[in-house]
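A.B. asks: okay, structure incoming, though there's no sequence with it:
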């Protein structure tokens, strides 16, 4: 039986979540909303790379990669949509933290990653 790229990605995502949950239980650590948002952004980053690999083009909108993500995979841990911006060959993926405005400290700090193609 051959798995599609989408099925493989979802399976890998579930496995990654289970590993993180297992590690947290062993360490008796509760994931913060910042940690959960970091995970969401990492999953979006992986979905972008899978999309580019499969389609040969850079997605211009977050909606183009939603099929590679779990439900609500485009929201941060505070329930706000993660920002997705493309400028030339650089994609920025960002959460504005708990307060939803640029900048801040602690849970209010922004979480940003970029992918350059």
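C.D. replies: Received, thanks. What you see is a predicted model, and the numbers here were worked out from it, not measured in a lab.
A.B. asks: which parts of the protein are helices?
C.D. replies: Residue ranges of the helices in the chain, as given by DSSP state H, are 5-27, 33-55.
A.B. asks: let me know which of those helices is the nearest to residue 97.
C.D. replies: Closest approach to residue 97 among these (C-beta to C-beta): helix 33-55, 7.5 Å. Where C-beta positions appear, they are placed from N, C-alpha and C, glycine not excepted.
A.B. asks: for the residue nearest in space to the middle of the chain, give its distance to residue 47.
C.D. replies: Per C-alpha atoms, centre = their mean, the C-alpha nearest to the average position across the chain is that of residue 41, at 2.5 Å. Distance, residue 41 to residue 47, by C-beta to C-beta, to the nearest Å: 11 Å.
A.B. asks: for residue 53, same thing?
C.D. replies: Distance, residue 53 to residue 47, using C-beta to C-beta: 11 Å.
A.B. asks: equivalent analysis for residue 103, please.
C.D. replies: 27 Å.
A.B. asks: give me the more crowded residue out of the two.
C.D. replies: Taking other C-beta atoms under 10 Å, residue 103 and residue 47 do not tie; residue 47 has more neighbours (25 against 10).
A.B. asks: who's in contact with the more buried one?
C.D. replies: With contact taken as C-beta atoms under 8 Å, 6 or more residues apart in numbering, residue 47 is in contact with 9, 65, 68, 69, 73.
A.B. asks: now for the first one: which residues touch it?
C.D. replies: What that stands for is residue 9. Applying C-beta under 8 Å, 6+ apart, the residues contacting residue 9 are 46, 47, 50, 68.
A.B. asks: hmm, 7 Å instead?
C.D. replies: 47, 50, 68 (C-beta atoms under 7 Å, 6 or more residues apart in numbering).
A.B. asks: now the first one. Nearest residue, chain neighbours left out?
C.D. replies: By the measure of C-beta to C-beta, 6 or more residues apart in numbering, the closest residue to residue 47 outside its immediate chain neighbours is residue 68, 3.8 Å from it.
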